[in-house]
Structure formats: C-alpha cells, structure tokens
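> Starting from these lines, generate the structure:
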Amino acid sequence: MTAAPDLSVALRRHWGYESFRPLQEKIILSLWEGRDTCVVMPTGGGKSLCYQLPAALASGKTAIVISPLIALMQDQVAQLEQIGISAALLNSSLPAAAQSKVIEGAHEGRFRLLYVSPERLMRPDTFGWLRRVPISFFVIDEAHCISQWGHEFRPEYRQLRALREKFPDAPIAAFTASATQRVRHDIIEQLGLRDPAKFIASFHRPNLRYLLKLCEPGTQPEMLLRAVRSYPEGNIIVYAPTIKRVEETADFLQEHGIPAVAYHGQMDAAARRRNQERWMSDEVRVLVGTIAFGLGINKAAVRAVIHLALPQSLEHYYQEAGRAGRDGLPADCVLLWQKRDLGLLVFFTKQIVDHEEQNRAWDRYRQILGFAESSICRHLQICMHFGENPRWNSCNACDVCGTRLEWLEEPVAAARRLRRTRRESNRAPTAPVDSGLRAHLREWRRVAAQKQGVPAFVVLHDTSLDDLCRIQPASLEALRGVFGFGEIKTARYGRDILGALETFRRGARSAAPVGGERREV
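Numbers count the residues shown, from 1 in each chain. Below you'll find the model as predicted:
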C-alpha cells in the first residue's frame, strides 16, 4: 500500500473521535502496511475500528470480514453506512438476487468492507468469484473460534486456513476479545499467519467491579429484585444458565413491575431481534438471556451484568461480564452462584462425546470453580489467566479486595451501610444529565431509527446522546464537539438534532415509553 494518510483526519471525519484508544493506531498502521496481524483486545476496546478505518482508506479495494453472526454483520454494515463508509454483507439471510448484486458490486470495488459468514465463505463457488474482487486484506473476527483450546470452538472456522492457500498475497488479520497465550499461538498456526504483528491489550478493566456470592437456595430472586431496583440509570444484562431459567426470570421481573425481555436460541430470529432492539433503544432496561446474547453488542451504558449461575468457563465470564461499563464509567459484574450449578456444568461436560474436547471442558470447569472459590483478587486472577502479570496485588474493585454492594448484603447489614457515606468510586465522574432532555432526545432517536429501519444505537450511541445533553450545542460547529459526531454524522443529523434541542428549550417534552410504559404529559 502507499504511505499512510493522516489517520486522525479519517477518525474525526467518520467517527467523530479526537484521539485513538490504546494500540488502535499501531494496529491500523500494521494493516495499512500489509502485515499479517493478530489482535487480542478486550470487549469495549474498539476492535472494529482497527480494521474499519484502514479499509475505509483503501480506495477501490475491499476488506473481507469473516464474522460469525448475521445480526452482528447487519449492525456493523448499518453503522458504517451511517458514517459514510460503503459496506455490504453476504449470508443466508439474503435472497439469491440480492446476493448476486452484492457479488457484482464487490467485483467492481464498490465496497470498502464486505462481511461474510464462515459458512458462506467456504461454499464451493465462493473462492471463484472472490478471486475477481480487489481485496485489501482479510479479517477473521472472533478468531478464538478457530482454536480447539478456545472457549467457543467452531469446526467450520478450521477451514479458514484455506485463505492462506487460495490468497497467498493477501494479508490476514485475526481479532478476538478473549484468548489465552495457548489460544493465540493456535490462531496464528491455524491461519498460517506469516511473522504477524502481535497486539495484546491489557485485560484489566479497572472501571468494573467483580463481585461473587455463593447463594443459599431460594435467595436469588429477592437479590435480583434488589439489584435491578438499585440501578436507576443505564441498562442491565442478566445471564441465566438455561432457556427455562431465562423465561422464568423475565416473567418474574415483569410480575414485580420491572419491564424485562428474554433472549435465547429457541426464539425465532425476528423475536430475538425485536427484544434486542427494545433493550438497545432503552424501551426496557433489563434483558435476561443465555450466552446466545451479547456477541458484538455495542451498548455503552450497561451499569450491571448479573450472572445467575457459574458460567461455562472463565473466558465466557470475562467476555460476558465485559459487556458492562463500555463507556468507561463504574459498572458492576456480579456472579450469584449456587452449589447446584456445579451439577449442571458436570452434566453438560459429560454430554461431550469427543474425549479430547471433554478433557478441555473439565479444565474449564476447574478454572471457573477455582475462580469462584479463590481468595485472590478477581482482577488479578483474570489477568493472570490470560497471560498478563500485573504488578499489583489488590485492585480495590472486587469482593476479595473489600468492595461491597448494599443490595448483596443481608437486609440488616445493608441498612447499616446505607447510613454511611457511599464510596466515591460509585459516583460517575461526569456532569449530570437532564433526564427530561435525555428522554426527549431518545424519542427523537427512536423516530429517526424507525424511519430508516435501523436499530436506535446505529443512529446515536448512548455515550453520544448523554454528551449531547451535557453540551446542548446551538450550532453545527458546536455539535462537532460532541463525542461521536464526525463530519458525516453531523451533516446527516445535525439540523434535526438542533431542532430537537430547540423544541425542548421551548417546553416540548417526550411522551416516549419510560420503563416500558407509555407516559402521558
């Protein structure tokens, strides 16, 4: 490729960001220079921008992104189109005529990014037409799926090694949020990466508070109610171990006046999508799901992730809990487990037919149980599990290191603590947001998204919406100072947003659903 352009210009123009996060610029330059690249970056670290930005700058060429979920591909393409980057997807959700049109466009170099599922990529006819596409580089998302040591091993991912054989000159970049050193080595070997640039971000998420509690039988429901009621702002994810528990928990919350939606693999795709969108657009604050929920979810203001059982592995827990606090503000990751969880994990492990895979499952079982029962700092345990060796022994952000939550304690103890001063770490270090203005702008966002047929977060992320409430710009120039408003988004929505702010100043108030119920004003 030619010399890299000014990356900060593209960052501001398309994404509206003033600076890169740690490692992003180095990763972008590695891809721009045509190097094979392996990236391990925790959830919320900004992985997608690392390959989207160099792809956007490669005029007339297309980055092929192999991604495992249709919904994730749809969201990514919609978000790219919002910021002026041409992208398309190719998977089984498209009718044959639409697929042919995408392939034709790819041959002509119309797209900067083309998202393809592993199954679609490995179809016999794919490599034939793909050779006629001007490819900038390949991206393997969720690359840990290719490793037999990974926590979400998928056999079809193993076939991706064919990319190196069929396209020997095209750079390959592997991205994952959770990979141990053993998995990283396996990814590089399986994909045939050649002297790859390696970027391993820290696994330490200091804004997250990890708290684990061994619960007595029958105590979880009351704890969950106390938990949900203790987070007046932001969203909550509740992970349950089975489909039955998901539905029971969602029903239980609704019966107690807490709007919640369910998400699991036996729901039809339209229902899952609808429930996810209701949660993403803040129509309901609580989503109860199995591990099927969350891959690629880009929701910044999740204030708590609550597990109602031991996860399948420490990698699963880190990835699922890591969906909290992506805005950098304090968030809680609470694991409420019971002794009976061990029986369920043993049952699932014994169902595995392959002897080697079963042994790996037993290893994961011992690791997650050790994590739950250990008296060592939770943050430290997680970092060390992924091969990182911090120089501290205490984080001041987990139950082992002394962090407490009132709702987790017994009622008497909780009442005693409520009379004490709250910890400073529980306070968001930002200016307050006018709740009425936030509701007004959320309603504008909901209508704008509905008109375009895209999820609300594609129009405007929560972080940008809250910054908008704080700054309350009165001009397009001032709007460019709001987080996430680049040149494209300002041109697309600027005048409408300024109009919405002006109507609020004149006294207009939203009648949007609040907590799942429509409010009259």
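> Going by C-alpha atoms from here, please, whenever you check contacts or count neighbours.
Will do.
> Kindly check the end-to-end length of stretch 467-483 for me.
6 Å (Cα to Cα, to the nearest Å).
> Check stretch 230-238 too.
This stretch, stretch 230-238, spans 14 Å end to end (Cα to Cα).
> Quick one: mean pLDDT over that stretch.
Mean pLDDT, computed over stretch 230-238, is 91.
> Same question for stretch 509-521.
On average, stretch 509-521 scores 47.
> before we move on, what about stretch 484-504?
Mean predicted lDDT for stretch 484-504 stands at 94.
> Outside of that stretch itself, list whatever touches it.
With contact meaning Cα atoms under 8 Å, 6 or more residues apart in numbering, stretch 484-504 is reached by 11-17, 82-84, 437, 440-441, 444, 464, 472-476, 479-480.
> could I get it in PDB with only the CA atoms?
Output in PDB follows, covering the C-alpha atoms of stretch 484-504 (Å, rounded to 0.1, in the frame of the first residue of the first chain):
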ATOM      1  CA  GLY A 484     -19.100  10.700  18.200                       C
ATOM      2  CA  PHE A 485     -20.100  13.500  15.800                       C
ATOM      3  CA  GLY A 486     -17.900  13.400  12.800                       C
ATOM      4  CA  GLU A 487     -18.400  15.300   9.600                       C
ATOM      5  CA  ILE A 488     -20.700  12.600   8.100                       C
ATOM      6  CA  LYS A 489     -23.000  12.200  11.200                       C
ATOM      7  CA  THR A 490     -23.200  16.000  11.700                       C
ATOM      8  CA  ALA A 491     -24.200  16.500   8.100                       C
ATOM      9  CA  ARG A 492     -26.800  13.700   8.300                       C
ATOM     10  CA  TYR A 493     -28.500  14.600  11.600                       C
ATOM     11  CA  GLY A 494     -27.200  18.000  12.700                       C
ATOM     12  CA  ARG A 495     -30.100  20.200  11.800                       C
ATOM     13  CA  ASP A 496     -32.700  17.800  13.000                       C
ATOM     14  CA  ILE A 497     -30.800  17.500  16.400                       C
ATOM     15  CA  LEU A 498     -30.500  21.200  16.700                       C
ATOM     16  CA  GLY A 499     -34.200  21.400  16.000                       C
ATOM     17  CA  ALA A 500     -35.000  18.800  18.700                       C
ATOM     18  CA  LEU A 501     -32.900  20.800  21.200                       C
ATOM     19  CA  GLU A 502     -34.700  24.000  20.300                       C
ATOM     20  CA  THR A 503     -38.200  22.400  20.800                       C
ATOM     21  CA  PHE A 504     -37.100  21.200  24.200                       C
END
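> Next, the buried residues of it.
484-490, 493-494, 497-498, 500-501, 504 (16 or more other Cα atoms under 10 Å).
> Got a ChimeraX select line for the buried ones in the contacts of stretch 484-504?
Buried residues within these, by 16+ other Cα under 10 Å, are selected in ChimeraX with:
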select :11,12,13,14,15,16,17,82,83,84,437,440,441,444,464,472,473,476,479,480
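> In helices only, show me the contacts of stretch 484-504.
Counting by DSSP state H, the part of these found in helices is Gln82, Leu437, His440, Leu441, Trp444, Ser464, Leu476, Leu479.
> Look over those residues and name the one with the lowest pLDDT score.
Within the ones in helices among the contacts of stretch 484-504, pLDDT reaches its minimum at Ser464, with 89.
> residues in contact with it?
Neighbouring residues of Ser464 by Cα under 8 Å, 6+ apart: Val482, Phe483, Gly484, Phe485.
> Inside strands: which ones of these?
Using DSSP state E, the subset of the contacts of Ser464 located in strands is empty.
> now, which of those residues sits nearest His151?
Of all the contacts of Ser464, Gly484 has the smallest distance to His151: 33.2 Å, by Cα to Cα.
> where does the stretch 1-150 of the chain dip in pLDDT?
Across the stretch 1-150 of the chain, the ranges flagged by pLDDT under 70 are 1-4.
> distance between the strand or helix carrying Leu498 and the chain's centre?
Mapping Leu498 onto the secondary structure by DSSP states H and E places it in helix 487-505. From the chain centre to the centre of helix 487-505 is a distance of 27 Å (Cα atoms, centre = their mean, to the nearest Å).
> How about the secondary structure of Arg303?
With DSSP: H, G, I helix; E, B strand; the rest coil as the basis, Arg303 sits in strand.
> How confident is the prediction for it, by pLDDT?
95.
> For it, which non-adjacent residue is closest in space?
Taking Cα to Cα, 6 or more residues apart in numbering as the measure, Arg303 lies nearest to Ala331, with 4.6 Å between them; neighbours along the chain are not counted.
> Give the bridge partners for that neighbour, please.
Using DSSP bridges, the bridge partners assigned to Ala331 are Leu208.
> burial count for it?
29 (other Cα atoms under 10 Å).
> How about the contacts made by it?
For Ala331, the contact set (Cα under 8 Å, 6+ apart) comprises Asn207, Leu208, Arg209, Val302, Arg303, Ala304, Ala324, Gly325.
> For it, give its distance to Val133.
To Val133, Ala331 is 44 Å away according to Cα to Cα.
> Do you know the pLDDT at Arg419?
As predicted, Arg419 sits at a pLDDT of 42.
> Could you do Gly265 as well?
pLDDT for Gly265: 84.
> Return the distance of it relative to Phe252.
From Gly265 to Phe252 the distance is 20 Å (Cα to Cα).
> Relative to Asn91, which of the ones in helices among the contacts of stretch 484-504 is nearest.
Closest to Asn91, out of all of the ones in helices among the contacts of stretch 484-504 and judged by Cα to Cα, is Gln82, at 21.1 Å.
> Could you chop the protein up by domain?
7-200, 208-426, 435-518 (automatic domain parsing).
> Just the terminal-to-terminal distance for stretch 264-273.
Terminal residues of stretch 264-273 are spaced 11 Å apart (Cα to Cα).
> mind listing what Ala179 touches?
Counting by Cα under 8 Å, 6+ apart, the residues that Ala179 touches are Val40, His144, Gly150, Glu315, Phe386.
> What's the mean pLDDT across stretch 386-397?
90.
> With stretch 214-223 instead?
92.
> contacting residues around that stretch?
In contact with stretch 214-223 (Cα under 8 Å, 6+ apart) are residues Leu308, Leu336, Trp337, Gln338, Lys339, Trp407, Leu408.
> Over to stretch 316-324?
42-44, 151, 177-178, 208, 291, 294, 297, 299-306, 311, 331-333, 382.
> Check the offset of it from the chain's centre.
Stretch 316-324 sits 9 Å away from the centroid of its parent chain (Cα atoms, centre = their mean).
> Also stretch 322-333?
With Cα atoms, centre = their mean, you get 11 Å for stretch 322-333.
> How far does that stretch stretch from one end to the other?
First-to-last distance for stretch 322-333 - Cα to Cα - comes to 8 Å.
> again with stretch 289-307
10 Å.
> Could you pull out the buried residues of stretch 225-240?
Across stretch 225-240, burial judged by 16+ other Cα under 10 Å covers Ala227, Val228, Gly234, Asn235, Ile236, Ile237, Val238, Tyr239, Ala240.
> dump the residue contacts of the second one.
The contact partners of Val228, taken as Cα under 8 Å, 6+ apart, are Ile236, Val286.
> run the last query once more with 6 Å
Contacts for Val228 (Cα atoms under 6 Å, 6 or more residues apart in numbering) come out as none.
> Then the fifth one?
Each residue near Ile236 by Cα under 6 Å, 6+ apart is listed here: Val286, Val302, Ala304, Val305.
> again with the fourth one
Each residue near Asn235 by Cα under 6 Å, 6+ apart is listed here: Arg285, Val302, Arg303.
> how close does the first one sit to Glu388?
Just to be clear, that refers to Arg285. Arg285 is 34 Å from Glu388, by Cα to Cα.
> And those two? Which one has more around it.
It is Arg285, of Arg285 and Glu388, that has more neighbours when counted by other Cα under 10 Å, with 25 against 18.
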